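Participant: how would this look folded up:
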Amino acid sequence: MKILTGIGLIFNILGSGILVWSYLIPKHYVDDDLIVDMNEKTGKYLQKKHLKEQKINLIGFVFLGLGFLFQLAGILI
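Facilitator: Down below sits the predicted model:
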């Protein structure tokens, strides 16, 4: 079905846009540098911006996955 393939392409475009959005419009706030968690033995730390990027990347990959599934369903049906 062509409609499922079209919906899949729209989801892929949205997912790609979400993943690239932070690189197109760079905004840096001082609050983003806030360290949320730190391991004193290894020196590794987790910043607030890492958590935000992780959520945005997860949303983008979900959209890309849904787009792939819709396109696959459009081909198989």
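
Participant: residue ranges of the strands in this protein, please?
Facilitator: 35-38, 45-47 (DSSP state E).

Participant: Turn those into TSV, including mean pLDDT, distance to Glu53 and mean neighbour count.
Facilitator: C-beta coordinates here come from the backbone N, C-alpha and C atoms, glycine included. Listed next are the strands of the chain as TSV, based on pLDDT from 0 to 100; distance: least, CB to CB, whole Å; neighbours: other CB atoms under 10 Å:
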stretch	mean pLDDT	distance to Glu53	mean neighbour count
strand 35-38	71	13	10
strand 45-47	72	9	13
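
Participant: can you tell which of those is closest to Ser22?
Facilitator: Proximity to Ser22 (CB to CB) singles out strand 45-47 among these, at 14.2 Å.

Participant: Output the contacting helices and strands for the closest one.
Facilitator: The helices and strands touching strand 45-47, judged by 3 or more CB pairs under 8 Å, 6 or more residues apart in numbering; DSSP states H and E, are strand 35-38.

Participant: Flag the shaky bits of the chain, pLDDT-wise.
Facilitator: Within the chain, the stretches with pLDDT under 70 are 26-33, 35-36.

Participant: longest single helix anywhere in it?
Facilitator: In the chain, assigned by DSSP state H, the helix with the most residues is helix 48-76.

Participant: Remind me what that one packs against, helices and strands.
Facilitator: Against helix 48-76 (3+ CB pairs under 8 Å, 6+ apart) you get helix 2-24, strand 35-38.
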